[in-house]
Every structure is written in C-alpha cells, then in structure tokens.
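Trainee: Quick one: sequence and predicted model below, then my questions.
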Amino acid sequence: IMKKYSKKIKMDKNQIIEAIKNIPIAYLCTEKQEQVLPTTPFDDVPVDAWFTDAVLWCNTNGYMTGTGERTFSPNANLTRAMFVQILAKVAGADLGAVEYTGKFTDVPADAWYTKAVEWASANGITGGTSKTTFSPDALVTREQLATFFLAYAKSCGYDVTAAADLSSYTDADSISDWAQ
C-alpha cells in the first residue's frame with residue numbers, strides 16, 4: 001500500500017503510517033461496499049434452518065409456493081387441501097383442464113385448492129371424508145396420507161400388492177379399518 005500511494009500523495013513512509021493511525025476504525029469499517037448476505041424467498045425460512053434446503057427444493061420445483069407472498073409457514077400443520085395441491089403438482093396434473101363438479105359441498109368453485117381436489121377425486125385418489133365432503137381445512141392424518149399415496153400409486157399403475165406388518169407400530173391398534 002505504501003509503495004503504491006506514497007508517490008501519488010507525496011508523503012514519505014512515516015507520514016503515511018501516521019495518517020493511517022489517525023483514521024478512526026469506524027471509518028475503515030464503513031467502506032461503501034454492498035454486502036450480500038444469503039437469503040431465502042421466505043421471511044420465515046432462515047438460511048441456516050435444518051429444513052431450508054428442502055423448502056427451497058420444493059419451491060424451486062414448483063411443488064410448494066408458500067402460504068403468502070413472503071411466507072412459507074414451515075411449522076404449520078398440513079391440511080388435506082394443501083396435500084392434494086402438492087400431490088397434483090408432483091404428479092404434473094394439468095389443473096387448468098379440470099372441471100368443477102361440486103361433488104364436495106365444502107369445496108367452493110373458486111378456492112385455491114378446488115381444482116386439485118377435483119383432480120384427486122376424478123383420479124380415485126380421494127373419495128372425501130364422506131360422499132359429499134372433502135374437509136379441506138382438516139389436518140391430514142397419517143392414515144389419510146397413506147391412503148392418498150396408495151391411491152396415487154395405483155392411479156400411476158404401480159404394483160401395490162405388497163403389504164407390510166403394521167404390528168410393530170405402537171399405535172397399530174388405532175389404525176382405522178379403511179386405512180389398512
């Protein structure tokens with residue numbers, strides 16, 4: 001530094017050292033350089049959280065877009081509507097071509113999840129929580145997830161004849177008949 005600038009500012013080595021000593025530390029630290037910190041598109045997804053890579057992967061691939069413009073809600077529970085929306089995106093479903101049938105009285109024609117629910121119903125992935133209700137805002141249970149995945153696998157033509165022994169699960173006795 002001294003060689004580079006001593007000729008330009010016509011100072012000898014000792015004068016430059018004295019000048020540098022008198023520069024306040026704060027001034028040296030406030031150099032006008034743009035500091036770029038790592039970020040995510042969601043205010044509630046910290047860069048260093050254990051789930052950040054998974055959130056960014058799902059978002060980048062269009063499977064999950066978040067719950068708001070800059071929120072993802074990583075600690076929120078998953079609803080039935082959220083799950084079928086994700087499943088439809090993973091499946092690459094053409095939701096634009098889906099027609100509203102009104103089969104489920106609790107699924108309005110213009111909700112963000114309507115076409116995904118209609119797609120899941122039309123493809124045998126869900127029959128609803130009754131013949132006329134889907135319960136879009138209800139939290140999805142493990143039983144429901146398992147049956148959604150099974151029905152989706154069947155609709156894709158996968159061999160689903162294999163069965164598992166569920167007796168090792170501590171809550172095996174509470175598994176509903178329809179989910180076994």
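Mentor: Received it, and whenever you're ready, just let me know what you need. Numbering: from 1, shown residues only.

Trainee: How about the contacts made by residue 51?
Mentor: Counting by Cβ atoms under 8 Å, 6 or more residues apart in numbering, residue 51 makes contact with 45, 74. From N, CA and C alone the C-beta is placed, and that goes for glycine too.

Trainee: if we go to 6 Å?
Mentor: residue 74 (Cβ atoms under 6 Å, 6 or more residues apart in numbering).

Trainee: same check, this time on residue 52
Mentor: residue 45.

Trainee: if I look at it, how far off is residue 41?
Mentor: The gap separating residue 52 from residue 41 is 11 Å, by Cβ to Cβ, to the nearest Å.

Trainee: same question, residue 141
Mentor: Residue 141 is 30 Å from residue 41, where distance means Cβ to Cβ.

Trainee: Helices of the chain, start to end?
Mentor: For the chain, applying DSSP state H gives helices covering 2-9, 13-21, 25-29, 52-60, 80-91, 114-122, 142-155.

Trainee: For this structure, name the helix or strand with the lowest mean pLDDT.
Mentor: helix 2-9 (a mean of 46; mean pLDDT, DSSP states H and E).

Trainee: Point out where this protein drops to low pLDDT.
Mentor: Low-confidence segments of the chain, defined by pLDDT under 70, are located at 1-38.

Trainee: run the last query once more with 50
Mentor: Within the chain, the ranges that satisfy pLDDT under 50 run 1-8, 26-28.

Trainee: Can you give me the neighbour number for the closest residue in space to residue 95 that isn't next to it in sequence?
Mentor: Distances taken as Cβ to Cβ, 6 or more residues apart in numbering place residue 115 nearest to residue 95, at 4.1 Å, with adjacent residues excluded. When neighbours are counted by other Cβ atoms under 10 Å, residue 115 registers 22.

Trainee: Which residues in stretch 140-157 does the neighbour count mark as buried?
Mentor: Applying a neighbour-count criterion of 16 or more other Cβ atoms under 10 Å, one finds 140, 144, 147-148, 151-152 buried in stretch 140-157.

Trainee: Save these as CSV, and put in distance to residue 89 too.
Mentor: CSV is the format used below for the buried residues of stretch 140-157 (distance: Cβ to Cβ, whole Å):
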residue, distance to residue 89
140, 16
144, 18
147, 19
148, 14
151, 17
152, 12
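
Trainee: from those residues, which is closest to residue 76?
Mentor: residue 140 (12.0 Å; Cβ to Cβ).

Trainee: Contacts only, for the closest one.
Mentor: Applying Cβ under 6 Å, 6+ apart, we find residue 140 in contact with 78, 80, 83.
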